[in-house]
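Asker: got a predicted structure plus its sequence, pasted below:
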Amino acid sequence: MRATLNIPDKLFSEAQKITGEKSKTKTVVIAIQEFIKQRKIKELIALRGKIQIDYDWGKEEKLEIEAQKKREKLLEK
């Protein structure tokens, strides 16, 4: 997507230094990706303690072992 943006030179120069990019496009793409990543992290942190996960690791491991044995038997044939 093409866009015309008015970004202060000082802000853009700092972004280029931080990203290590010389390309303006790559600098903007990296900055947007980092912004999205940080927001998602904040959203996940905000969920801490609000979601109850009842997961039976032992049962899951037992099912995986059984599935692996079945795959091994099929390979033996």
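Answerer: Everything's here; your move. Keep in mind that this is a model prediction, so the values were computed, not measured.

Asker: how far does the helix or strand where residue 69 lies sit from its chain's centre?
Answerer: Taking DSSP states H and E as the definition, residue 69 sits inside helix 57-76. Helix 57-76 sits 30 Å away from the centroid of its parent chain (C-alpha atoms, centre = their mean, to the nearest Å).

Asker: residue ranges with poor pLDDT in the chain?
Answerer: For the chain, the stretches flagged by pLDDT under 70 are 77.

Asker: for residue 39, see how far away residue 27 is.
Answerer: Distance, residue 27 to residue 39, by C-beta to C-beta, to the nearest Å: 19 Å. (C-beta placed from N, C-alpha, C; glycine too.)

Asker: ok, those two, which is more surrounded?
Answerer: residue 27 (20 against 10; other C-beta atoms under 10 Å).

Asker: who's in contact with residue 49?
Answerer: If you count contacts by C-beta atoms under 8 Å, 6 or more residues apart in numbering, residue 49 has none.

Asker: where does it fall, secondary structure wise?
Answerer: Assigned by DSSP H and E, residue 49 belongs to neither a helix nor a strand.

Asker: if I look at the residue nearest to the spatial centre of the chain, how far off is residue 14?
Answerer: Taking C-alpha atoms, centre = their mean, the centroid of the chain lies closest to residue 37, which sits 6.7 Å from it. Remark: distance between residue 37 and residue 14 (C-beta to C-beta) = 19 Å.

Asker: is residue 25 in a helix, a strand, or coil?
Answerer: helix (DSSP: H, G, I helix; E, B strand; the rest coil).

Asker: from residue 5, how far off is it?
Answerer: From residue 25 to residue 5 the distance is 11 Å (C-beta to C-beta).

Asker: tell me the gap between the host helix or strand of residue 45 and the middle of its chain.
Answerer: Assessed by DSSP H and E, residue 45 sits inside helix 24-46. Per C-alpha atoms, centre = their mean, the displacement of helix 24-46 from the mean C-alpha position of its chain is 10 Å.

Asker: and for stretch 13-30?
Answerer: The answer for stretch 13-30 is 20 Å, by C-alpha atoms, centre = their mean.
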